[in-house]
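In: A structural model of the following input is requested.
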Amino acid sequence: QVQFVESGGGLAQPGGSLRLSCVASGFPFGFPFSMYDMNWYRPAPGKERERSARIGSRGDGAAYADSVKGRFTISRDNAINTVYLQMSSLKFEDKAVYYCKAPLAAGSWGQGTAVTVSS
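Out: Residues are numbered from 1 along each chain as shown. Sure thing, here's the model as predicted:
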């Protein structure tokens, strides 16, 4: 069973930065982490979770939701099965629990990591 463990959340001031990490494990033999696109998600009005950012399996093809474009940067290190989300210029509305997941890998959602933006 593929598992995802998010970390790095916390309290930041508006305009501040945080770096989230997500370590993935449990990939079946022959289908390593490096084969999968990875996404970061957060709740959105009317949705349980909405994709905030995605990255291709080789670290290419980064894409962002309009709400975070230009402020967040997604990256990955396939050697350590980890995907990152660098969050900058944080806004109050970025407050959320953030989750990562490989959309095409069978597995459960992790616990997420909570981000609070407050002055």
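In: C-alpha from now on. contacts and neighbour counts both.
Out: Noted.
In: where along the protein do the strands fall?
Out: Here the chain has its strands, by DSSP state E, at 3-7, 10-12, 18-25, 38-44, 47-55, 63-64, 72-77, 82-87, 96-101, 113-117.
In: so which of those is nearest residue 107?
Out: strand 3-7 (6.0 Å; CA to CA).
In: quick check: neighbours of the closest one in the sheet, parallel or antiparallel?
Out: Sheet pairing here is set by DSSP bridges, and for strand 3-7 it gives strand 18-25 (antiparallel).
In: mind listing what the residue nearest in space to the middle of the chain touches?
Out: Centroid check for the chain by CA atoms, centre = their mean gives residue 40 as the closest residue, at 2.9 Å. For residue 40, the residues meeting the contact criterion (CA atoms under 8 Å, 6 or more residues apart in numbering) are 51, 52, 53, 54, 85, 98, 99, 100, 101.
In: swap in residue 25?
Out: 2, 3, 4, 33, 81.
In: number of nearby residues for the residue lying closest to residue 89 once chain neighbours are set aside?
Out: Counting by CA to CA, 6 or more residues apart in numbering, residue 89 lies nearest to residue 15, which is 4.0 Å off, once chain neighbours are set aside. By the criterion of other CA atoms under 10 Å, residue 15 has 15 neighbours.
In: for residue 15, give me the pLDDT.
Out: pLDDT recorded at residue 15 is 98.
In: for residue 29, see how far away residue 107 is.
Out: From residue 107 across to residue 29, the span is 15 Å (CA to CA, to the nearest Å).
In: comparing those two, which shows the higher neighbour count?
Out: residue 107 (16 against 6).
In: beta-bridge partners for that one, please?
Out: residue 2.
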